[in-house]
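Chemist: starting from these lines, generate the structure:
(one chain, ligands or ions: 2)
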Amino acid sequence: MKKTIVITGATSGFGQAIARRFCADGWSLILVGRRQERLEELSRELGRQEDILSLNLDVRDRAQVFEAFEQLPEAFAKVDVLVNNAGLALGLEPSWATDIEDWETMIDTNIKGVTYCTRALLPIMVENNSGMIVNIGSTAGSWPYAGGNVYGGTKAFVQQFSRNLRCDLLGKNIRVTNLEPGMAETEFSKTRFKGDAEKAGKVYAGAKPLTANDIAEAVHWVVHLPPHVNVNSMELMSIDQTWSPLAVNRNNQS
Ligand code: NDP
Ligand code: 8X3
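Modeler: Ligands and ions are numbered 1, 2, ... in the order given. Okay, the predicted model is just below:
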């Protein structure tokens with residue numbers, strides 16, 4: 001029987017690449033995103049229409065998420081893998097100057113959206129005593145940087161939520177992985193800088209960032225390990241990204 005993977009944020013970047021990777025392997029796909037035309041485009045590109053279910057929904061909308069996942073058509077109802085990928089960063093301003101709406105949007109998407117999708121689908125996995133959740137965290141959840149304020153905080157939540165899920169699931173055949181990419185070139189920076197393509201381009205200038213396909217490959221690998229092997233967390237960075245020394249203020253006037 002075909003396996004089924006739910007991919008949130010399948011209309012762009014990592015999610016789109018994960019969809020392509022698993023489709024090529026013959027999986028059934030449940031694709032989630034807000035942009036209907038992108039869902040249709042991807043579904044057309046992938047072919048195999050009978051194996052693709054597109055859910056045009058906003059992961060921040062609890063009622064929408066639960067309604068959609070509680071009424072999955074029979075052919076898609078045995079979910080094997082949930083990839084909680086939908087997410088975003090908004091702004092890079094210092095904490096005292098950010099738009100509070102941006103903070104709320106990140107919290108609602110990256111934290112609440114992940115919890116809604118997880119809570120809606122986990123009972124299916126528990127009932128089947130089989131399944132896997134791959135959360136897309138970030139290096140920003142472990143390593144602070146100026147302007148990362150709430151974005152990094154949301155990804156730290158994803159990290160600890162993933163670990164705590166593992167504790168709840170002890171004794172069940174359900175795996176949980178937190179995949180933590182660093183800089184990867186997708187629409188991520190364009191979204192962060194509200195459509196400013198020049199600013200977004202500068203994030204990757206002169207470097208060879210990770211690609212969406214790199215992340216899809218990593219997801220594919222953790223999923224296809226033997227079922228007794230749980231990768232708790234996996235951090236990936238481009239060869240052109242490492243840590244910096246701790247910052248020091250050299251202008252102390254006191
Ligand atoms: P993209 O901007 O290319 O893709 C983001 C995806 O999330 C889109 O498909 C978007 O779809 C979806 N999404 C956003 N908000 C919602 C929502 N409310 N409901 C449903 N879907 C939503 O970025 P990436 O592919 O890079 O990002 C994917 C994940 O990876 C995010 O969680 C991000 O934080 C994380 N990440 C990214 C890194 C990077 O450098 N690129 C590094 C580390 C982690 P739509 O707008 O159609 O709803
Ligand atoms: C994306 C990586 O460094 O832009 O999560 O926060 S970073």
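
Chemist: so which strand or helix has residue 39?
Modeler: helix 36-46 (DSSP states H and E).

Chemist: apologies, that question was intended for residue 191.
Modeler: helix 188-192.

Chemist: contacts for that helix, please.
Modeler: Helix 188-192 is touched from outside by 13, 88-92, 196-197, 199-201, 203-204, with contacts defined as CB atoms under 8 Å, 6 or more residues apart in numbering. All C-beta spots, glycine's among them, are computed from the backbone N, C-alpha and C.

Chemist: and the helix or strand containing residue 53 with ligand 1, contact?
Modeler: Assigned by DSSP H and E, residue 53 belongs to strand 52-56. No: Strand 52-56 stays clear of ligand 1 (CB under 6 Å from any ligand atom), getting no nearer than 8.6 Å.

Chemist: what sits up against that strand?
Modeler: Where contact means CB under 8 Å, 6+ apart, the residues beyond strand 52-56 that reach it are 23, 28-34, 36, 39-40, 43, 46, 68, 72-73, 76.

Chemist: got it, and stretch 152-162?
Modeler: The contact list for stretch 152-162 (CB under 8 Å, 6+ apart) reads 84, 87, 106-107, 110-111, 114-115, 118, 133, 135-138, 140-145, 176-178, 180, 232-233.

Chemist: the residues you listed also near ligand 2: which ones?
Modeler: By CB under 6 Å from any ligand atom, the members of the contacts of stretch 152-162 lying near ligand 2 are 138, 140.

Chemist: restricted to buried residues, select the contacts of stretch 152-162 in ChimeraX.
Modeler: Only the buried entries of the contacts of stretch 152-162 go into this ChimeraX selection, using 16 or more other CB atoms under 10 Å:
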select :84,87,106,107,110,111,114,115,118,133,135,136,137,138,140,141,143,176,177,178,180,233
